[in-house]
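Participant: with the sequence up front, the predicted model follows.
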Amino acid sequence: MSAFSYPSEVTIREVGPRDGIQSEKAEVSTADKIRLIDALSATGLPRIEAVSFVSPKAIPQMADATEVWAGIRRNPEVFYSALVPNRKGAEIAAEVEVDGLQVFTAATDSYNLKNTGVTVEDSLPRVRDVVEVAQGAGIPVEGTISTAFGCPYEGDVAPERVVQVTRWLIDEGITSISYGDTTGMGTPRRVRDVITALQADAPEITLNMHFHDTRGTGLANVLTALELGITYFDASIGGMGGSPYAEGATGNIATEDLVHMLEDMDIVTGIDLSALITAGRTAQSFLPGELPGKILKAGPRLG
């Protein structure tokens with residue numbers, strides 16, 4: 001694709017209810033989590049990462065994941081997924097009938113050790129367990145690779161390393177992978193290098209990009225990915241979220257900022273921006289700090 005040729009439509013997954021809320025220090029009530037997911041479900045978003053079935057000791061904000069899942073009004077037009085770290089989480093998710101699972105590892109051993117206590121290669125049996133449960137339940141499963149564009153402990157990550165971990169996940173039965181810019185170290189240059197390497201060496205998989213705006217490059221990275229034909233992106237309402245395992249990791253790209261930009265580029269998202277802003281205000285109503293999303297504050301360019 002040329003630098004000015006973009007896809008005609010993209011698919012956005014909202015990750016605020018999981019990735020956003022898990023990073024909040026102040027406890028968010030079960031009722032508020034349900035209220036937010038229900039508001040997001042009415043925006044036209046095709047995919048929502050609703051909860052994570054993890055140890056409450058590791059991620060206290062997800063301790064009520066089962067109650068949240070039971071309380072939401074599921075829109076049949078929305079694909080609701082859950083993040084899980086292991087077989088136990090996958091079994092809970094399958095039991096409550098989520099639409100899809102995500103299982104995670106990282107591109108670097110240092111981050112994965114901080115996150116899960118094992119190296120990347122040693123995390124593969126857990127991935128295998130999740131895939132096994134998902135396949136047994138007939139649930140799609142996607143892999144997630146954190147620190148794909150840079151690691152706070154190891155610095156720059158070579159595209160070849162990202163390809164290597166991708167190949168390991170493919171060997172475990174994964175066919176779709178999300179690549180996380182966990183601490184916002186990605187730049188258009190590094191995004192281009194990683195995506196180009198993946199398209200050359202693993203063309204059979206579906207690529208999803210998960211960018212952060214920690215250093216102001218989030219939407220620039222999206223544009224770079226669009227130029228390379230990527231059509232799947234994660235975003236978080238109001239720009240909330242980050243990683244509880246890495247200091248300074250705040251700043252997912254704001255869903256409403258992303259939709260606003262794509263709409264002006266005539267790229268179809270199927271999402272109602274006005275309803276999305278309303279959902280952002282819902283999130284802001286129970287969060288203590290001001291959300292960083294620009295459109296939530298300034299409104300659309302044409303009001």
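Facilitator: Sure thing, it's come through. None of these values were measured; they are calculated from a predicted model.

Participant: so what's Val259 up against?
Facilitator: If you count contacts by CB atoms under 8 Å, 6 or more residues apart in numbering, Val259 has them with Ile12, Ala235, Thr269, Ile271, Leu273, Leu276. C-beta here means a position set from N, CA and C on the backbone, and glycine is covered the same way.

Participant: buried stuff in the host helix or strand of it?
Facilitator: Taking DSSP states H and E as the criterion, Val259 maps to helix 255-264. For helix 255-264, the neighbour count (16 or more other CB atoms under 10 Å) marks Thr255, Glu256, Asp257, Leu258, Val259, His260, Met261, Leu262 as buried.

Participant: ok now do the closest residue to the last one other than its chain neighbours, which residues does it touch?
Facilitator: It refers to Leu262. Using CB to CB, 6 or more residues apart in numbering and skipping the chain neighbours, the partner closest in space to Leu262 is Thr269 (5.4 Å). The contact partners of Thr269, by CB under 8 Å, 6+ apart, come to Glu9, Val10, Thr11, Ile12, Gly44, Val259, Leu262, Glu263.

Participant: and the gap between the nearest residue to the first one once chain neighbours are set aside and Leu276?
Facilitator: Among residues not flanking Glu9 along the chain, Val268 sits closest, at 3.8 Å (CB to CB, 6+ apart). Distance of Val268 to Leu276, given as CB to CB, to the nearest Å: 15 Å.

Participant: and what of Ala26?
Facilitator: Computed with CB to CB, the distance linking Ala26 and Leu276 is 24 Å.

Participant: and those two? Which one has more around it.
Facilitator: Per other CB atoms under 10 Å, whichever of Ala26 and Leu276 has more neighbours is Leu276, with 32 against 9.

Participant: surely that one touches Ile237?
Facilitator: Yes: contact status for Leu276 versus Ile237: in contact at 7.2 Å, counting by CB atoms under 8 Å.

Participant: list residues touching both of these two?
Facilitator: What both Leu276 and Ile237 touch, as defined by CB under 8 Å, 6+ apart, is the set Leu40, Thr255, Glu256.

Participant: go ahead and confirm the first one touches Val15.
Facilitator: By that I understand Leu40. No: using CB under 8 Å, Leu40 is not in contact with Val15; the gap is 10.3 Å.
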